[in-house]
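Novice: Predicted model, plus sequence, below.
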Amino acid sequence: MDLTESLEGIVPDPIRYWVRVCKDAGAVNMFTIGVPDPIPTEVLEVYAKAVYDQEMKGATGYPPFVGEEEFKKSIIDMEGNFGAELADDDVNRMYVTVGASQGLQFIFSIFKPGSEVLVNTPAWGTIHNMIAHSGNVGVPAPLFEEGRFVVENAEKALTEKTQAVYVNFPANPSGELVAESEIKKMCGWAVAENLQIVSDEPYKYTIFDRKKTPYKSPVSFGSDINANVSLLSSFSKIVKPDVRMGFIRVSPSIMAAHEMVGFYFRNLSAGASRGLQAGLRAMIDGDPKLGFLKSVVEGYRVKSELTQKRLGEWGCEFPYKPAGTYMLFPTTPDGSDAEEWVKKTATEKKCGFIPGTSFGGSYPGFEHLKKHFRMGVGGGLTLEKLETVLDELVG
């Protein structure tokens, strides 16, 4: 049997590996998988009713369903409230996907096998597998340092094989959000180098203070940049993780590159549940500004600030300051190697974390990330429970 050579680029999921290590070491307080807090019940009821009504129609055909175009228009309206200025005709470049992960696989697979994608690092631990699925290579690059775009770092990582740049703000694992002007500089550089920009934006709905740290998507930086931006997002961070529904707005330049691009994406996105689409459309049509998330995000802010304070007193440092999300990426309290520290903490303190090697620390040039660990404070974790665990952890 001849199998694809792309399998050579796949590595075991580093995050789930460390979840198992922590549990095997005795951890019971798991701050490992980044999971959002529950949203208000009344919003879920709107969502669930629309799903039910759609299913009770008895339709048995394949997606897309009648109403998908309207669902996309609802998404465009929603995105306009979160810094992504999309045009009406972007409906023709938008595809509903089974989570953002499917969209990422789609967009990376559009490039010729053997291509390279610059990955702003630290980065989500699975993104390199997403790229490798397509027979391409993710190249870790410190595109931003201390919140500023460093063109020398970008140019150093650039080769004749580079096709795209992957960015994710606010970022997983750190929650960091750099200034709009710095993201725009990076996008300008990428366009000048004729690169595509893959902008993964599922956490922009969880920014703590939009006045203090506003976010503007690369699609909003003018027509020259917009033409090279593929925007992805996911409802898993808005509703809950098992609502596997996302979307991708493919860049105009990719859409124009080949007459079959649209058919390619259409075929691959045919698995998106019509019931989920109906439920999500009802939810965002009733609240396109996602006002129901305000209390949830406020909870993230309070827990994040408490955690930063307590861990800071313990000796942890926060070079990457979270502006949103339910994740933090501090250093170990004594600056030691995080892999050994995570194992020891799981055994002695019964707390599980993910070491920085899962987010780029295993690559040459990113050794400083080895002393970092990711901590998730979502998943329904109450403030009272967090306070108790922090007392036990730092005591």
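Specialist: Everything's here; your move. Residues are numbered from 1 along each chain as shown.

Novice: in this structure, which spans are helices?
Specialist: Ranges of helices in the chain, per DSSP state H, are 14-24, 41-55, 68-80, 99-109, 127-132, 151-157, 180-192, 223-226, 252-257, 261-268, 274-286, 294-314, 338-348, 383-394.

Novice: Out of the ones you listed, which gets the lowest mean score?
Specialist: Between those, the one with the least mean pLDDT is helix 261-268; it has a mean of 85.

Novice: Only C-alpha atoms, please: export that helix in CSV.
Specialist: C-alpha atoms of helix 261-268 as CSV (Å, rounded to 0.1, in the frame of the first residue of the first chain):
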residue,chain,number,x,y,z
VAL,A,261,-11.4,26.9,-6.4
GLY,A,262,-15.0,27.6,-5.5
PHE,A,263,-16.1,24.1,-6.5
TYR,A,264,-13.2,22.6,-4.5
PHE,A,265,-14.3,24.4,-1.3
ARG,A,266,-18.0,23.8,-1.9
ASN,A,267,-17.4,20.0,-2.2
LEU,A,268,-15.3,19.9,1.0
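
Novice: Show me which positions of that helix end up buried.
Specialist: 265, 268 (16 or more other C-beta atoms under 10 Å). To be clear about C-beta, it is placed using only N, CA and C from the backbone, and glycine gets the same treatment.

Novice: now it, how far from the chain's geometric center?
Specialist: 23 Å (C-alpha atoms, centre = their mean, to the nearest Å).

Novice: For that helix, name the packing helices and strands.
Specialist: When contacts are defined as 3 or more C-beta pairs under 8 Å, 6 or more residues apart in numbering; DSSP states H and E, helix 261-268 sits against strand 94-97, helix 99-109, helix 252-257.

Novice: Need the winner for burial among these.
Specialist: strand 94-97 (a mean of 25; mean count of other C-beta atoms under 10 Å).

Novice: same for that strand, what does it pack against?
Specialist: Contacts defined by 3+ C-beta pairs under 8 Å, 6+ apart place strand 94-97 against helix 68-80, helix 99-109, strand 246-249, helix 261-268.

Novice: Check the residue nearest to the spatial centre of the chain and give its pLDDT.
Specialist: Nearest to the mean C-alpha position of the chain, by C-alpha atoms, centre = their mean, lies residue 202 at 5.0 Å. The model reports residue 202 with a pLDDT of 96.

Novice: Tell me if I'm right that it and residue 234 touch.
Specialist: Yes. Under the criterion of C-beta atoms under 8 Å, residue 202 makes contact with residue 234 at 4.3 Å.

Novice: shared neighbours, these two?
Specialist: 100, 246 (C-beta atoms under 8 Å, 6 or more residues apart in numbering).

Novice: returning to that earlier point: for residue 208, find the nearest of the helices and strands packed on strand 94-97.
Specialist: Set against residue 208 and scored by C-beta to C-beta, the helices and strands packed on strand 94-97 come closest in helix 68-80, at 19.4 Å.

Novice: Neighbours of residue 40, how many?
Specialist: Using other C-beta atoms under 10 Å, residue 40 is surrounded by 12 other residues.

Novice: Spatially, what comes nearest to it if we skip its sequence neighbours?
Specialist: residue 292 (5.2 Å; C-beta to C-beta, 6 or more residues apart in numbering).

Novice: got the contact list for residue 100?
Specialist: 200, 202, 232-234, 236, 246, 248.

Novice: got JSON lines for these, with distance to residue 127 too?
Specialist: Shown next, in JSON lines, are those (distance: C-beta to C-beta, whole Å):
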{"residue": "200", "distance to residue 127": "8"}
{"residue": "202", "distance to residue 127": "13"}
{"residue": "232", "distance to residue 127": "12"}
{"residue": "233", "distance to residue 127": "15"}
{"residue": "234", "distance to residue 127": "14"}
{"residue": "236", "distance to residue 127": "16"}
{"residue": "246", "distance to residue 127": "15"}
{"residue": "248", "distance to residue 127": "15"}
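
Novice: Quick check: strands, which of those are part of them?
Specialist: Here DSSP state E is the test, and the contacts of residue 100 give 200, 232-234, 246, 248 as lying in strands.

Novice: mind giving me JSON lines with those and columns for neighbour count?
Specialist: Converted to JSON lines, the ones in strands among the contacts of residue 100 look like this (neighbours: other C-beta atoms under 10 Å):
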{"residue": "200", "neighbour count": "28"}
{"residue": "232", "neighbour count": "24"}
{"residue": "233", "neighbour count": "27"}
{"residue": "234", "neighbour count": "26"}
{"residue": "246", "neighbour count": "26"}
{"residue": "248", "neighbour count": "24"}
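
Novice: out of those, who's nearest residue 263?
Specialist: Ranked by distance to residue 263 (C-beta to C-beta), the ones in strands among the contacts of residue 100 are led by residue 248 at 15.0 Å.

Novice: Could you check how many residues crowd around residue 137?
Specialist: Residue 137: 18 surrounding residues under other C-beta under 10 Å.
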